[in-house]
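>>> 3D model of this:
(4 chains)
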There are 2 protein chains.
Amino acid sequence: MTDTRFKSWQSVQEEVLARIHSRKWKPGDFIPNEADLAQEFGCARATVNRALQNLADEGLLDRRRKAGTRVATHPVRKATMYIPIIRQEIRDRGLEYGYELIRSEKVMPPREIGKSMGSGKRIDVLHIVCLHTADGRPYVLEDRWLNPKWVSREDFSIFSDTSPNEWLVTHVPFTEGNIVFSAISAGKTEAELLSCKEGDALFVIDRTTRDKQETITSVRLTFFPGYRIETTI
Amino acid sequence: MTDTRFKSWQSVQEEVLARIHSRKWKPGDFIPNEADLAQEFGCARATVNRALQNLADEGLLDRRRKAGTRVATHPVRKATMYIPIIRQEIRDRGLEYGYELIRSEKVMPPREIGKSMGSGKRIDVLHIVCLHTADGRPYVLEDRWLNPKWVSREDFSIFSDTSPNEWLVTHVPFTEGNIVFSAISAGKTEAELLSCKEGDALFVIDRTTRDKQETITSVRLTFFPGYRIETTI
DNA sequence: TCAAATATTATGTATATACATATGTAGCAC
DNA sequence: GTGCTACATATGTATATACATAATATTTGA
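Modelled structure (predicted):
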């Protein structure tokens, strides 16, 4: 088999994938080691390494030093979701993007949000509620809390015509954060702002951005009924 | 700065991240090219390349040949979600996993599902409805359609005590697929099976697994009210 | 002036080599 | 058999070198 030549790590990856799909290598099976594969494919071990490491990253292979490489038994564990940049997502659908500021205030936040923003004690926090529309119809409701340490009062005023998200990405450093997907039932407020019925099921993304434990911003995006987020694996 | 030595691609990556966080390199900025960074860090270009490529994979850098590397303006575009392996997820929460087969039949599927399974014409398809429970309480409702080309009648019978998912991952090859997250309002059936109220908002994962255009299996997972799926970025 | 051809350049990748690191296995002592 | 140690081995990574590729920049030619 040494005659079959694989010149790139991509082609090696394809061949490995093909063998998994054809069940020549079944879930749970050990596959040959890198050195052997390199010889079989007629390429350097580094090339095989790149291919296998990439497949392992994607969750299709399990690799351990000394033990070897095996086909993952639960291959569909990871899914990379592309969190929408709202303006762009709406434009991509061929609709006209609109932005509407609904509320902008500096108030005492809910306990859990305040806790991670002040240095222990609760302080007033910038609060923005705005609506993104597609062809004039409500698309997503953005409810955001901003740590005043990161956003000054004068900056705050610009949100009358700029989405806080767009401003943030270019003005605030980022470190870690987390994202939560869930479903909620539309309350009175959501129903009114999103022009839907009370009790409608709404898809929600909660995102928190932190810089060393301290929350920079916390946002809830509540989408119109029927919204779905998709990915291909 | 050549004296500061970075021995591993991870340490290079950390340093690059630090510079992004500290806003030394701001979103949209070009960063020095690999060769220069390699010299500054006192390592090989390949090492820098590995670090930068990894950051680009994660969406923090934008790279283009000849043009160079710049800090991404919209860093939080990707989120890798770990699709739960139900049995495991329940166990991880310290609860006891339970499985209950609710329905198992061979019937004409809904139009869109049937279309991608038969070779053009609509055929009978295996249909399974089952419930996964945590400490006896409904956790997720699994509604699955299986292409009979991949699952024979005798295999079918095993689902009385084995989740189709567990069986599938070790017996069926996989190629591509897609995953959709959405929210639905509990209908009469869901309310009954998940022991919740009609109209409750439920988080839903729809997953389709294909082998070259042809659908192998299509599943809808409907979770108990309040379920959330989280990831850290 | 503008478009086509060409040069330049940053990233992308392949290679051989060397060594690091984790970890399974075997051998040993008790 | 149990537990410790030493060893073997597969993956992980760093390096220098070389060339590929894509895309910008520059020069050339009409």
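
>>> Please report phi then psi for the residue nearest the centre of chain A.
Nearest to the mean C-alpha position of chain A, counting by CA atoms, centre = their mean, stands A:Ile83 at 4.4 Å. As for A:Ile83, its main-chain torsions (degrees, to the nearest 10) stand at phi -70, psi 130.

>>> so it makes contact with A:Ile205?
Yes: A:Ile83 lies in contact with A:Ile205 (CB atoms under 8 Å); the separation is 7.2 Å. Quick note: C-beta positions are derived from backbone N, CA and C, even for glycine.

>>> Mutual contacts of those two, please.
A:Ile179 (CB atoms under 8 Å, 6 or more residues apart in numbering or on different chains).

>>> For the helix or strand that contains A:Asn165, which residues meet the burial criterion?
Following DSSP states H and E, one finds A:Asn165 within helix A:164-171. Neighbour-count burial for helix A:164-171, counted by 16 or more other CB atoms under 10 Å in any protein chain shown, picks out A:164-169.

>>> which one of these is nearest B:Trp150?
A:Asn165 (43.4 Å; CB to CB).

>>> For that closest one, give its distance to A:Glu89.
12 Å (CB to CB, to the nearest Å).

>>> so where's chain A uncertain?
A:1-5, A:75-77, A:118-121, A:153-154, A:173-175 (pLDDT under 70).

>>> Break it down into its domains, please.
Domain ranges of chain A: A:9-71, A:86-223, per automatic domain parsing.

>>> ok, now which ones touch the residue of chain A found nearest chain B?
Proximity of chain A to chain B (CB to the nearest CB) peaks at A:Ala183, 3.4 Å away. Listed by CB under 8 Å, 6+ apart, the contact partners of A:Ala183 are A:201-204, B:182-184, B:201-204, B:225, B:227.

>>> can you check A:Pro148 too?
Contact analysis of A:Pro148 by CB under 8 Å, 6+ apart lists A:106, A:123-126.

>>> again with A:Cys130
Listed by CB under 8 Å, 6+ apart, the contact set of A:Cys130 reads A:99-103, A:141-142, A:144, A:159, A:163-164.

>>> how does it look with 7 Å?
Counting by CB atoms under 7 Å, 6 or more residues apart in numbering or on different chains, A:Cys130 touches A:99-102, A:142, A:163.

>>> cool, A:Arg50 as well?
Contacts of A:Arg50 by CB under 7 Å, 6+ apart are A:Trp9.

>>> one more time with 10 Å, if that's ok
A:8-10, A:12-13, A:43-44, B:50 (CB atoms under 10 Å, 6 or more residues apart in numbering or on different chains).

>>> and what of A:Asp57?
A:63, A:78, B:54, B:57, B:80.

>>> Sitting in strands, which of those residues do you find?
A:63, A:78, B:80 (DSSP state E).

>>> DNA strand D versus the second one, what's the distance?
Computed with CB to the nearest atom of the strand, to the nearest Å, the distance linking A:Lys78 and DNA strand D is 16 Å.

>>> how about the closest residue to that residue other than its chain neighbours, secondary structure?
Spatial nearest neighbour of A:Lys78, excluding adjacent residues (CB to CB, 6 or more residues apart in numbering or on different chains): A:Gly59 at 4.5 Å. Following DSSP: H, G, I helix; E, B strand; the rest coil, A:Gly59 is assigned to coil.

>>> and A:Gly59, how many neighbours does it have?
Using other CB atoms under 10 Å in any protein chain shown, A:Gly59 has 18 neighbouring residues.

>>> And for the one 10 residues further on?
Using other CB under 10 Å, the number of residues around A:Thr69 comes to 23.

>>> can you give me phi and psi for it?
phi -120, psi 130.

>>> Contact residues of chain A facing DNA strand C?
Within reach of DNA strand C by CB under 7 Å from any atom of the strand, chain A has these residues: A:7-11, A:42-47, A:50, A:64-67.

>>> Can you list which of those residues are found in helices?
Members of the residues of chain A next to DNA strand C lying in helices (criterion: DSSP state H): A:9-11, A:45-47, A:50.

>>> in chain A, what residue is nearest DNA strand C?
In chain A, the residue found nearest to DNA strand C is A:Ser8; the distance is 2.7 Å by CB to the nearest atom of the strand.

>>> contacting residues around that residue?
Applying CB under 10 Å, 6+ apart to A:Ser8 gives the contacts A:14, A:43, A:47, A:50-51.

>>> go on, A:His171?
So A:His171 contacts A:150-151, A:155, B:23, B:26-27 (CB under 10 Å, 6+ apart).

>>> Which one (most neighbours) among these?
Neighbour-wise, these (other CB under 10 Å) top out at A:Val151, 22 neighbours.

>>> Please name the nearest non-neighbouring residue to it.
Residue nearest to A:Val151 in three dimensions, not counting chain neighbours: A:Leu126, with 5.9 Å by CB to CB, 6+ apart.

>>> tell me the secondary structure for that neighbour?
A:Leu126 ends up strand, using three-state DSSP.

>>> same deal with A:Pro138?
Using three-state DSSP, the structure places A:Pro138 in strand.

>>> what's the burial count for it?
Number of residues near A:Pro138 (other CB under 10 Å) recorded here: 21.

>>> how far away is it from DNA strand D?
Distance, A:Pro138 to DNA strand D, by CB to the nearest atom of the strand: 38 Å.

>>> Quick one: the strands in chain A, in order.
A:30-31, A:61-64, A:68-71, A:78-82, A:97-107, A:125-134, A:137-146, A:176-185, A:201-211, A:214-223, A:228-232.

>>> who does the first one touch, helix- and strand-wise?
What it means is strand A:30-31. helix A:9-21, strand A:61-64, strand A:68-71 (3 or more CB pairs under 10 Å, 6 or more residues apart in numbering or on different chains; DSSP states H and E).

>>> Run the angle between the longest one and strand B:201-211 for me.
What it means is helix A:9-21. Orientation of helix A:9-21 against strand B:201-211 (axes from the mean of the first three to the mean of the last three CA atoms, to 10 degrees) gives an angle of 100 degrees.

>>> and helix A:9-21, what other elements does it pack with?
Using 3+ CB pairs under 10 Å, 6+ apart, helix A:9-21 sits against strand A:30-31, helix A:34-41, helix A:45-57, strand A:68-71.
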